[in-house]
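S.K.: based on what follows, work out the 3D shape:
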Amino acid sequence: MTGRFPAAILAVAAALAALGCGGDERQDADAPTGEFGLDVTRASFSARQSLAQPAVLRLDVRNTGRRTVPDLAVTVETAGRRRAGAGTAAFGTAVAGEDLADRTRPVWILDQRPAGGDTAYAGTWALGPLGRGRTKRVRFAVTGARAGTYRLRWRVAPALEGSARAALGGRTSGAFRVTISDAPVDSRVGPRGRVVRSPP
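M.R.: Predicted coordinates for the structure are as follows:
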């Protein structure tokens, strides 16, 4: 009787452990799967800018499929001149150097981002569901902070996690070649006291 008691305890403990682990169920079992229709009907960003000049990156994203897009994700990356150890960041470039506390150097100051879209993924914003036939306007208000010529890339996806993917046929990625000049922008005071800046 005494020898069977420890064995019974071990059996019960093993059964409880199996229940606690949830068996073979994956944590992403409820993540969205399949194809979703996405099409960026308008993408705009000024090709010529100046330091300290405001600019707006605009993407109009339409759901062209038959299902609601579960969590529209927008990713932005900036690439500049190719240098050893350089990388990309959302509105900046990553520079080489292990002794640097922050390896990112801003090309643009991000003044305004899509509300409530911040995620743990660098350079990616999650903007929530997008209903069938609906269009979401995505805006990033920025200010030029680093002179040079850069390539700003963007892409959209139906979700951050799972195997959801955009269906073929829609425009879901693109890029802008942007030159930021360090020449001062001509400005004057216009009607009603507003400052009017000339194009760079």
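
S.K.: what is the neighbour count of residue 53?
M.R.: 18 (other C-beta atoms under 10 Å). Every C-beta, even on glycine, is put in place using the N, C-alpha and C of the backbone.

S.K.: correction: residue 178
M.R.: The burial count for residue 178: 21, using other C-beta under 10 Å.

S.K.: and if you look at residue 47?
M.R.: Residues within reach of residue 47, counting by other C-beta under 10 Å, total 11.

S.K.: OK, contacts around the nearest residue to it once chain neighbours are set aside?
M.R.: Excluding the flanking residues, the one nearest residue 47 by C-beta to C-beta, 6 or more residues apart in numbering is residue 178, at 5.8 Å. Residue 178 is in contact with 45-49, 149-152, counting by C-beta atoms under 8 Å, 6 or more residues apart in numbering.

S.K.: weed out the non-buried ones from these.
M.R.: 45-46, 49, 150, 152 (16 or more other C-beta atoms under 10 Å).

S.K.: where in this structure is pLDDT low?
M.R.: 1-30, 80-88, 94-103, 185-190, 193-200 (pLDDT under 70).

S.K.: widest-spaced pair of the buried ones among the contacts of residue 178?
M.R.: The span of these, defined through C-beta to C-beta, is set by 46 and 150 at 12.3 Å.

S.K.: specify which member of the contacts of residue 178 is nearest to residue 112.
M.R.: residue 45 (14.4 Å).

S.K.: distance-wise, check the closest one relative to residue 35.
M.R.: 28 Å (C-beta to C-beta, to the nearest Å).

S.K.: same question for residue 48.
M.R.: Plainly put, residue 48 is 38 Å away from residue 35 if you go by C-beta to C-beta.

S.K.: before we move on, what about residue 79?
M.R.: 29 Å.

S.K.: the more surrounded of these two?
M.R.: For residue 79 versus residue 35, the count of surrounding residues by other C-beta under 10 Å is larger for residue 79: 17 against 14.
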